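**Student:** My questions are about this predicted structure, shown below with the sequence.
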Amino acid sequence: MNSRNHIAVIGAGLIGSLLSIYLAKRGYKVSVFERRADMRVSNTEAGRSINLALSTRGIKALEEVGLADVLKSVAIPMHGRMMHDLQGNLSFLPYGREGQYINSISRSGLNEVLMNEAEKHNVTFHFNNKCLAVDFEQTSLTLHDLNSKQNVTKEFDLIIGADGAFSAIRSAMQITDRFNYAQHYIEHSYKELHIPAGENNKHLLEKNALHIWPRESFMMIALPNPDGSFTCTLFLANQGSNSFNSLTTSEDISTFLTRNFPDAVKLIPGLINQYHTNPTSSLVMIKCFPWVKNKTLVIGDAAHAIVPFYGQGMNAGFEDCRILNNLLSKHNDNWPIVLEEFQTIRKPDTDAIAELALSNFIEMRDLVADPKFLLRKKIEAKLHELYPDKWIPLYSMVTFNDSIRYSEALAMGRKQQMIMDKILTTPEINATWQQLNFKEIVSQLER
Ligand code: FAD
């Protein structure tokens, strides 16, 4: 392929928009087809702020296209988790070392910046264009224009499906030979609730933290927005007691929320109305392989949708774009080689982050309130302080690092877990942990 080649990207979400910049900067002609209207003209969030945690892997990719500084200037640093107990007492657990933080950023704001930048590099966006079908032999797409109600079929040199968890491109791959696919809805769904700003846009909770109300089988979190508000996400099971299904009457909802989140409830005006009005959304995990069929590739959530508990779905998708671009450089844009290598190296890493994301749900809703877990974090922080290159806590390997692969982080994390589990059985460990032989503990990693 050469620079006159025409690449179609399906989906102008976060990953499709970033990828289009990378490809356009390499000199390709890029057309993006998006089934929704242009969010810059008609904001589909309808006044609601929806935010995401952006961390090192995502920032690295944004840096490469020259956008990291502009985005960091609108993001809110979150230095740790602020836990709220049933009485509204607070405790703070830093995410990493001093100066390490994740960033709360507006999903639509980020998407808009990416699309604006893509247009500067001559990417063309075709909104209200829904991909209906793909022909892998012809490398062609059938698109439905929602304005003109016309279907049109177009050929391209390459097609990339960045069309999210319910990808039309992946659906077409599913009916081809030897395509593996697994979809799993977890037991919990989520609902967003909104804490408005106080007077003069003041944040009514600590601004520079990710707030968690861990309640064992369910939880709520809140991320800050620049306008002083917070977006809360309530995660509840679908069925059983304390579930979205069982909480139906306004009275039950009010009793449940007031009992479990007393300090937050005071800050959410029209809580019951918000609860009834805001949608309850499912959480799905998707794995598939291969990601490539002839000259068509799936990327981002279309290839590997994960649950949101590690704050890594978008960051992993951005990392996909960076790695694909690196491989294009390495192989002089020889796409058949690049596509094969991309899916081979990337699949174990996205499987690893899928597993990590699922287990982090247990950590967030349950363990963060467990004294043993907090002690473990303290010991690990000490190990990291003394041996920063040897003992890197799992959360830091995933979140504050862009050179350790997710699969390496998972493997190292398992080793650390075994060592720590043993240490935590030491009698009187609460009182004596400072006297542990830290050098010997670190050396166990090499055995
Ligand atoms: P999407 O964002 O789904 O975009 C796909 C685009 O394709 C959409 O615009 C869609 O309209 C379009 N499309 C779909 N089908 C078609 C079609 N047939 N034709 C044309 N266009 C089509 N990740 C993080 O890194 N940090 C977080 O803190 C975080 N928090 C999250 C919280 C929640 C509650 C959830 C659900 C997810 C969270 N994620 C987070 C994950 C993140 O949202 C996703 O990983 C990311 O949005 C994936 O981007 P994408 O572009 O691959 O897919």
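**Tutor:** Cool, the structure landed. Since the model is a prediction, treat every value here as computed from it, not as a measurement. Numbering: from 1, shown residues only.
**Student:** Can you name the residues of the stretch 51-200 of the chain sitting close to the ligand?
**Tutor:** Leu52, Ala53, Lys130, Cys131, Ala162, Asp163, Gly164, Ala168, Tyr190 (CB under 6 Å from any ligand atom). To be clear about C-beta, it is placed using only N, CA and C from the backbone, and glycine gets the same treatment.
**Student:** what do you get if the cut-off is 5 Å, keeping everything else the same?
**Tutor:** Within the stretch 51-200 of the chain, the positions adjacent to the ligand are Leu52, Ala53, Lys130, Cys131, Asp163, Gly164, Ala168 by CB under 5 Å from any ligand atom.
**Student:** Show me which of the residues you listed is closest to the ligand.
**Tutor:** Ranked by distance to the ligand (CB to the nearest ligand atom), these are led by Gly164 at 2.6 Å.
**Student:** Hmm, that closest one is touching Asp301, no?
**Tutor:** Yes - Gly164 is in contact with Asp301 according to CB atoms under 8 Å; the separation is 4.8 Å.
**Student:** Neighbour count for these two, which is higher?
**Tutor:** Between Gly164 and Asp301, counting by other CB atoms under 10 Å, Asp301 is the more crowded of the two (25 against 21).
**Student:** residues from the stretch 301-447 of the chain in reach of the ligand?
**Tutor:** Within the stretch 301-447 of the chain, the residues that sit near the ligand (CB under 5 Å from any ligand atom) are Asp301, Pro308, Gly311, Gly313, Met314, Asn315, Gly317.
**Student:** circling back to that earlier point, give me the buried entries from the residues of the stretch 51-200 of the chain next to the ligand.
**Tutor:** Buried members of these, scored by 16 or more other CB atoms under 10 Å, are Leu52, Ala53, Lys130, Cys131, Asp163, Gly164, Ala168.
**Student:** from those residues, which is closest to Asn273?
**Tutor:** Of all those, Leu52 has the smallest distance to Asn273: 25.3 Å, by CB to CB.
**Student:** In terms of helices and strands, where is the closest one?
**Tutor:** Using DSSP states H and E, Leu52 sits in strand 51-54.
**Student:** ok, back up a step: what's the most distant pair in the residues of the stretch 301-447 of the chain next to the ligand?
**Tutor:** Distances among those were taken as CB to CB; the most separated pair is Asp301 and Gly311, at 14.3 Å.
**Student:** which regions of the stretch 1-150 of the chain sit below the pLDDT cut-off?
**Tutor:** Residues of the stretch 1-150 of the chain that meet the criterion pLDDT under 70 lie in 1-3, 43-49.
**Student:** Any idea how many residues pack against the residue in it that the ligand sits nearest to?
**Tutor:** As assessed by CB to the nearest ligand atom, the ligand sits closest to Gly13 within the stretch 1-150 of the chain, at 2.2 Å. Gly13 has 23 neighbours, counted by other CB under 10 Å.
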